[in-house]
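**Student:** next comes the sequence, and after it the predicted model I'd like to discuss.
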Amino acid sequence: MSKDIIETSDTQEEETEYENYCYLCRRPESIAGKLIHLPNDIYICPDCMQNTFDTFNGNGNMQFVDLSNLDMSHLNFGMGQTMPKSQKVKKKKKEEKKEEPVLDLKSIPAPHIMKAQLDEYIVGQDYAKKVISVAVYNHYKRVLTDTMDDIEIEKSNMLMIGPTGSGKTYLVKTIARLLNVPLAITDATTLTEAGYIGDDVESVLSKLLAAADNDVEKAEQGIVFIDEIDKIAKKRNTNSRDVSGESVQQGLLKLLEGAEVEVPVGAGSKNAMVPLTTINTKNILFICGGAFPDIEDIIKARLNKQSSIGFRADLKDKYDGDANLLKQVTIEDLREFGMIPEFLGRLPVIYTLEALDKEKMVQILKEPKNAILKQYQKLLSLDEVDLRFDDSAYEAIAEKAMERKTGARALRAIIEEFMLDIMYQIPRDDSIGRVTITGDYIRGTGAPLIDMRGVLALEN
């Protein structure tokens, strides 16, 4: 008797530990939904049951069948009454949701604290970090107090302009992580006018809603970063309809200013099959970013317009070597580029990021908390190998990155190239204790310096 009790408890424990499968489509319960339990321990998912009834009826019209009198014993296809254990899948353990701290005025760090935290992750760009810290702090003061009386404070939406690889996206990601607020990053190149192939402008809010786990109240206090905003400038010298340029800027106006917007849940455009919810964008902070290529030519033309002849005439190539010419950008330059005045008027905070020089590249390799080289040092330390870089290696990596002209993104690509052989070879030899990367190895004229564990033990 006791043996039977033990076997029964083992069976019950196994049933709770493993998932049931649909007998027909073989999908587990976590994917197919709640299964219908039939005689002989047969489980059918609602989709397969519906398809079966449709097949029985022939015409596709559903007729209700009394399942209690339905004999399903003939569906036992010789497999026995239970599914083999080798074909069962264990249920995933439910992760306990940690209670997220409530966003209140006391938890928002002051601008100087916010900038100090950004300094730990981002090299340089002091002006940009100062501007975004003040703008974000003022925005959330406005959102959380909500007691404006007769003075209504407007939103501090931002437009950041900087060359590719200067850290625009990383700056926004870091500030959102520090504040622990929902962040949606979207690309303006996919946006089109409603009714055309592509994403509607409301899709940027759909991504924010998804980032907030479909919590509308939480999403209404989030941040939306629209990258590549320069790609929706007005198209010039075209006779076709501009569905991805000026019309998208017009569509974004109501989102930037603040309005009740119907948003498709989990989709890029509205259609009959997608549920809609309403989001108020009044308290959502919008940050737009773009490289604005060739706007330097517009700035140069404006700066050189003052005088063209005489002793005080500016040379036409006077500003050609200025890497930070973007600092002198104005609203008029942006309008000339193709941004409409109404759009720029809803982005009151406009600032630029500096181009990265060789010295900044070396700092990016060394200083940030999660610097790329520190990540590789951590990976090799798990194999008990000490990875080091000499000063010539930093210089060589920075020089190669400057040649590619893609900003900080070039650093990762260069490091991946020369670390490939090292990461491949080191796990093969347990006697390696230290690897030192030199400038000659980066330039392809030498090899890394390798020290064995026995030699290091004698040194210590």
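**Tutor:** Received the coordinates, thanks. Residues are numbered from 1 along each chain as shown.

**Student:** what about the closest residue to E120 other than its chain neighbours, neighbour count?
**Tutor:** Once flanking residues are discounted, E120 sits nearest to K369: 5.1 Å by Cβ to Cβ, 6 or more residues apart in numbering. (C-beta placed from N, C-alpha, C; glycine too.) Burial of K369 is recorded as 7 neighbouring residues (other Cβ atoms under 10 Å).

**Student:** and K369, what element?
**Tutor:** Assigned by DSSP states H and E, K369 belongs to no helix or strand.

**Student:** ok, it to C25 distance?
**Tutor:** According to Cβ to Cβ, to the nearest Å, K369 stands 48 Å off from C25.

**Student:** looking at this, M160 is in a strand?
**Tutor:** Yes - M160: assigned to a strand according to DSSP: H, G, I helix; E, B strand; the rest coil.

**Student:** so it is in contact with Q125, correct?
**Tutor:** No - assessed by Cβ atoms under 8 Å, M160 is found out of contact with Q125, at 9.8 Å.

**Student:** which elements pack onto the host helix or strand of H37?
**Tutor:** Using DSSP H and E, H37 sits in strand 36-38. Secondary-structure packing of strand 36-38 (3 or more Cβ pairs under 8 Å, 6 or more residues apart in numbering; DSSP states H and E): strand 42-44.

**Student:** please enumerate the helices of the stretch 101-250 of the chain.
**Tutor:** 111-119, 126-145, 168-179, 203-211, 216-219, 246-257 (DSSP state H, counting those that start in this stretch).

**Student:** for the stretch 1-150 of the chain, what are the low-confidence residue spans?
**Tutor:** Low-confidence segments of the stretch 1-150 of the chain (pLDDT under 70): 1-18, 56-105, 146-150.

**Student:** that should have said the stretch 301-450 of the chain, apologies.
**Tutor:** 306-324.

**Student:** coming back round to it: looking at the helices of the stretch 101-250 of the chain, which is closest to Q363?
**Tutor:** helix 111-119 (11.2 Å; Cβ to Cβ).

**Student:** from the contact counts, what lies against that closest one?
**Tutor:** By 3+ Cβ pairs under 8 Å, 6+ apart, helix 111-119 packs against helix 126-145, helix 168-179.

**Student:** joint contacts of M160 and Q125?
**Tutor:** L171, L353 (Cβ atoms under 8 Å, 6 or more residues apart in numbering).

**Student:** tell me which of the helices and strands packed on helix 111-119 lies nearest to L347.
**Tutor:** helix 126-145 (10.9 Å).

**Student:** now the angle between helix 111-119 and that closest one, please.
**Tutor:** Orientation check (axes from the mean of the first three to the mean of the last three Cα atoms, to 10 degrees): helix 126-145 against helix 111-119 gives 130 degrees.

**Student:** and helix 126-145, what does it pack against?
**Tutor:** Right, helix 126-145 is packed against helix 111-119, strand 158-161, helix 168-179, strand 285-290, strand 349-352 by 3+ Cβ pairs under 8 Å, 6+ apart.

**Student:** could the ones you listed be laid out in CSV, adding mean neighbour count and distance to Q250?
**Tutor:** As requested, the helices and strands packed on helix 126-145 are exported to CSV (neighbours: other Cβ atoms under 10 Å; distance: least, Cβ to Cβ, whole Å):
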stretch, mean neighbour count, distance to Q250
helix 111-119, 17, 34
strand 158-161, 24, 17
helix 168-179, 20, 24
strand 285-290, 25, 15
strand 349-352, 18, 20
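
**Student:** can I get those in a markdown table with distance to D215?
**Tutor:** Listed next are the helices and strands packed on helix 126-145 as a markdown table, based on distance: least, Cβ to Cβ, whole Å:
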| stretch | distance to D215 |
| --- | --- |
| helix 111-119 | 24 |
| strand 158-161 | 24 |
| helix 168-179 | 16 |
| strand 285-290 | 17 |
| strand 349-352 | 27 |
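
**Student:** before we move on, the earlier item: so the residue nearest to E120 versus D119, what's the distance?
**Tutor:** Noted for K369: a distance of 10 Å to D119, by Cβ to Cβ.

**Student:** and what of Q249?
**Tutor:** From Q249 to D119 the distance is 34 Å (Cβ to Cβ).

**Student:** and L252, by the same measure?
**Tutor:** 32 Å.

**Student:** check I426 too.
**Tutor:** Distance from I426 to D119, by Cβ to Cβ: 33 Å.

**Student:** next, the contact list for F389, please.
**Tutor:** By Cβ under 8 Å, 6+ apart, the neighbours of F389 are L365, L373, T436, I437.
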